[in-house]
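Q: Starting from these lines, generate the structure:
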Amino acid sequence: MSGFMIRRLIQALLVLLTMSALVFVAVFAIGDPLALLVDPQADRHDIARVRAGLGLDQPWWVQYARFVGAMAHGDLGRSFVHGEPAIRLVLERMPATLELAVAALLIALLVGVPLGLWVGLQPRSWSARLIDALSLLGFSLPTFWVGMMFIMLFGVWLGWLPTGGRGETTLWLGIPLSIGSLDGWRHLLLPALTLALFKCSLLLRLTASATREALRQDYVRFARARGLHPARIVFVHVFKNILIPIVTVSGLEFGSLIAFAVVTETVFAWPGMGKLLIEAIGQLDRPVVVAYLLVTVTLFVTINLVVDLLYALLDPRVRLRSRP
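A: Numbers count the residues shown, from 1 in each chain. As a prediction, the model looks like this:
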C-alpha cells in the first residue's frame, strides 16, 4: 500500500509539472495582457515599466522557471487584474464549484442508478424501453441549451426559480454554502439539474448494462436455484457487484463535473472556479488561468487515488501492490 501511494504521488507531481508547462506556454501564446491592462494612451515608457513590474519583459522560459520556483513554495503568482495571489482567488471560488458538482453527482446517482437498475431487470417492459429512449436526450442535448431552456421555463415563464447567482449562503466551518438556506437551494437547483443531466444518462446506461451482465453470472443463477427471494438476489448479489463500475465511473465523472462546470457556471452566473476561468481568459490573466488548471488537475489526481482505494475495498480480489 505504501509503495502504491508513493508511486501515485510521484505520478501526480509529474502530471502537475507537465500540465503547468503546457498551460504556461499555451497562455503565453494567446496574447499580451498589457493590451487590456494598460491605457491605450500610455507612452512606451509607462508600458515598459508595467511590463517589467509584472515580470513580462523576460522570455517565456525564464518566466516559467520563476513560476516553478515560486510554485515549489506554494506561490502561483499574483493576478494581473486583481493584484491578489492567484491561488487565493481560485480557492475562494472552489466551495461554490464543489457544492454544485456534489449536488449534480448526487442527483445523477439518485436518479440514474435506480432507473438503470430497473431497465436492467426489466429490459422488455414498456417503461424500461421508454426510460432507455429518454436517456438518449441526456447525451444529445448540449449543456448550454438545456440551461437556457431551464431558465426560460422555470425562471421566466413559470417564475418558480431564480435564473442566476448563488443566493443566500451560510457559513459551515467557515465555508460559505448555499445548502444551508432555502434561497440557496432555489438558486442551486437549476444549475445542478443542468449539470447532472448528462451524468444521469451515463450512470443509467452503465447500471443497466452492468445489471444485465450480472444477471447472467453463475452466482446469480445459483442464488435463484437455492430459492432466495428476488429482492435479496437483486440487492445482495447483483447490486453489490455492480457497485464497482458505478463507484469507478462516478469518481471519474465527479472530476469532470468540477473541471467542465464552466459552461453551466457561465449560463447561470454561478460564482465558481469556472466563471473565474472565463473572466481570466477574457482578461488574459495568466496566473489565474494557470492556478485554476493546476488546482483542477490536483483534484483529478486526488479523486482518482480515492477511487483506486475504494475499488480495492469493494473488490477483495484487487490488491494494491508495492510493485507493478
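Q: going forward, measure contacts and count neighbours with C-alpha atoms only.
A: Fine.
Q: Show the subsequent helix or strand relative to the least confident helix or strand in the chain by mean pLDDT.
A: When the helices and strands of the chain are scored by mean pLDDT, DSSP states H and E, helix 34-37 comes last with a mean of 61. Next helix or strand after helix 34-37 toward the C-terminus (DSSP states H and E): helix 44-53.
Q: same for that following helix, what does it pack against?
A: Here helix 44-53 touches no other helix or strand, going by 3 or more CA pairs under 8 Å, 6 or more residues apart in numbering; DSSP states H and E.
Q: Centre of the chain to that helix, how far?
A: 39 Å (CA atoms, centre = their mean, to the nearest Å).
Q: Could you do stretch 93-113 as well?
A: Relative to the mean C-alpha coordinate of its chain, stretch 93-113 is positioned 9 Å out (CA atoms, centre = their mean).
Q: Need the CA coordinates for it. PDB is fine.
A: C-alpha atoms of stretch 93-113 as PDB (Å, rounded to 0.1, in the frame of the first residue of the first chain):
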ATOM      1  CA  ARG A  93     -14.400  30.100  -5.700                       C
ATOM      2  CA  MET A  94     -13.800  26.400  -5.000                       C
ATOM      3  CA  PRO A  95     -16.600  25.900  -2.500                       C
ATOM      4  CA  ALA A  96     -19.200  27.100  -4.900                       C
ATOM      5  CA  THR A  97     -17.900  24.800  -7.700                       C
ATOM      6  CA  LEU A  98     -17.600  21.800  -5.400                       C
ATOM      7  CA  GLU A  99     -21.100  22.300  -4.000                       C
ATOM      8  CA  LEU A 100     -22.500  22.500  -7.500                       C
ATOM      9  CA  ALA A 101     -20.600  19.300  -8.600                       C
ATOM     10  CA  VAL A 102     -21.600  17.300  -5.500                       C
ATOM     11  CA  ALA A 103     -25.200  18.300  -5.900                       C
ATOM     12  CA  ALA A 104     -25.100  17.300  -9.600                       C
ATOM     13  CA  LEU A 105     -23.500  14.000  -8.800                       C
ATOM     14  CA  LEU A 106     -26.000  13.200  -6.100                       C
ATOM     15  CA  ILE A 107     -28.900  13.900  -8.400                       C
ATOM     16  CA  ALA A 108     -27.300  11.700 -11.100                       C
ATOM     17  CA  LEU A 109     -26.800   8.900  -8.700                       C
ATOM     18  CA  LEU A 110     -30.200   9.100  -7.100                       C
ATOM     19  CA  VAL A 111     -32.000   9.200 -10.500                       C
ATOM     20  CA  GLY A 112     -29.700   7.300 -12.800                       C
ATOM     21  CA  VAL A 113     -28.800   4.200 -10.700                       C
END
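Q: Show residues contacting it.
A: Stretch 93-113 has contacts (CA atoms under 8 Å, 6 or more residues apart in numbering) with 175-178, 188, 191-193, 195-197, 199-204, 207, 250, 254, 257-258, 261, 270-274, 276.
Q: Mind giving me the PyMOL select for the residues you listed, buried ones only?
A: Buried members of those can be picked out in PyMOL with the line below, counting by 16 or more other CA atoms under 10 Å:
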select buried, resi 176+177+178+188+191+192+193+195+196+197+199+200+201+202+203+204+207+250+254+257+258+261+270+271+272+273+274+276
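Q: Can you give me the domain assignment for this protein?
A: Using automatic domain parsing, the domain parsing of the chain gives 2-71, 86-314.
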